[in-house]
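Chemist: pasting the sequence and the predicted coordinates here, then a few questions.
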Amino acid sequence: MGMLYSTEDFSENHIELLHFENERQTGKSDIYPVDTDTAVKLLAKVGIMIDLKKYG
């Protein structure tokens, strides 16, 4: 699972990856920076559509 952390205007985005086994968290990664376009695409994969024009 991935946890995406973003500022309100999506100018800074970071991701942390979590590892699960049998519904229990067994590990996690460091927190890595992610560019805005990638963050918007990741959110779209789970049905969250972001219009960057209104944050622009």
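Modeler: Ah, there it is. Numbering: from 1, shown residues only.

Chemist: dump the residue contacts of residue 27.
Modeler: By C-beta atoms under 8 Å, 6 or more residues apart in numbering, the contact set of residue 27 is 18, 19. Quick note: C-beta positions are derived from backbone N, CA and C, even for glycine.

Chemist: wait, a strand at it?
Modeler: Yes. The assignment for residue 27 by DSSP: H, G, I helix; E, B strand; the rest coil puts it in a strand.

Chemist: is it in a bridge, and if so with what?
Modeler: Here residue 27 sits in beta bridges with residue 19, going by DSSP bridges.

Chemist: ok, it to residue 17 distance?
Modeler: 9 Å (C-beta to C-beta, to the nearest Å).

Chemist: show the pLDDT at residue 54.
Modeler: At residue 54, the model reports a pLDDT of 75.

Chemist: measure it to residue 8 for me?
Modeler: To residue 8, residue 54 is 12 Å away according to C-beta to C-beta.

Chemist: tell me the contacts of the residue located most distally from the centre of the chain?
Modeler: Taking C-alpha atoms, centre = their mean as the measure, the residue most remote from the mean C-alpha position of the chain is residue 22, 23.0 Å away. Not one residue lies near residue 22 by C-beta under 8 Å, 6+ apart.
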